[in-house]
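Student: need coordinates for the below:
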Amino acid sequence: MVNRLEVLADALGKLNGIHDPESTAYRNRNPGLLISFSLRKNADAKNVRMFQHLRDGYEALLADLRIKIRGKSRARGKDGAKLTPESPISDLLIAYGHKNHMPADYVVSFVRRALQDQSIRMSTPLSFFME
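Tutor: Numbers count the residues shown, from 1 in each chain. From the prediction side, this is the model:
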């Protein structure tokens, strides 16, 4: 059985171009395009974190997703509302900087196909991805 949280991370990585050698996600080995909020973290000129290995960036994305879907971060979704386990997938994508419906549609389609579950919608709550 495929881990739901990993499927969500995979969808974000693909959306951000993790396998496109010209993308920031690829160059920074950062599939989630995670931003650095610390001066101690290695980051590029746009403050996007840089990892030495893709697996490190992937693990950081998984950790960030766990925090966000549990409502333990300061991340905000639609209308500036704090993310909670009841927040929809679309709000999570807003928190990651994807503000229109196209990225959300892409992620939902990816997750549906990966989990073989056509019931998943943009309105599916983040708690669906809790491990």
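Student: mind checking pLDDT for the residue lying closest to Phe128 once chain neighbours are set aside?
Tutor: Among residues not flanking Phe128 along the chain, Arg4 sits closest, at 6.6 Å (Cβ to Cβ, 6 or more residues apart in numbering). Bear in mind the C-beta positions are built from the backbone N, C-alpha and C, glycine included. pLDDT for Arg4: 97.
Student: what's the spacing between Arg4 and Ala25?
Tutor: 21 Å (Cβ to Cβ, to the nearest Å).
Student: what do you get for Ser119?
Tutor: From Ser119 to Ala25 the distance is 29 Å (Cβ to Cβ).
Student: ditto for Arg66
Tutor: 20 Å.
Student: again with Gly80
Tutor: Taking Cβ to Cβ as the measure, Gly80 falls 26 Å from Ala25.
Student: these two - which one has more neighbours?
Tutor: Shown here are Gly80 and Ala25; by other Cβ atoms under 10 Å, Ala25 has more neighbours (24 against 7).
Student: pLDDT weak spots in the protein?
Tutor: For the chain, the stretches flagged by pLDDT under 70 are 39.
Student: can you give me the helices for it?
Tutor: For the chain, the helices defined by DSSP state H cover 4-15, 24-27, 54-69, 89-95, 101-115.
Student: quickly compare the ones you listed and say which is most buried.
Tutor: helix 89-95 (a mean of 22; mean count of other Cβ atoms under 10 Å).
Student: spatially nearest residue to Asn30 (excluding sequence neighbours)?
Tutor: Counting by Cβ to Cβ, 6+ apart, the residue nearest Asn30 is Gly57, at 4.3 Å.
Student: pretty sure the one you found is touching Phe51, no?
Tutor: Yes - with contacts counted by Cβ atoms under 8 Å, Gly57 reaches Phe51, the gap being 3.9 Å.
Student: anything in contact with each of these two?
Tutor: Asn28, Arg29, Asn30 (Cβ atoms under 8 Å, 6 or more residues apart in numbering).
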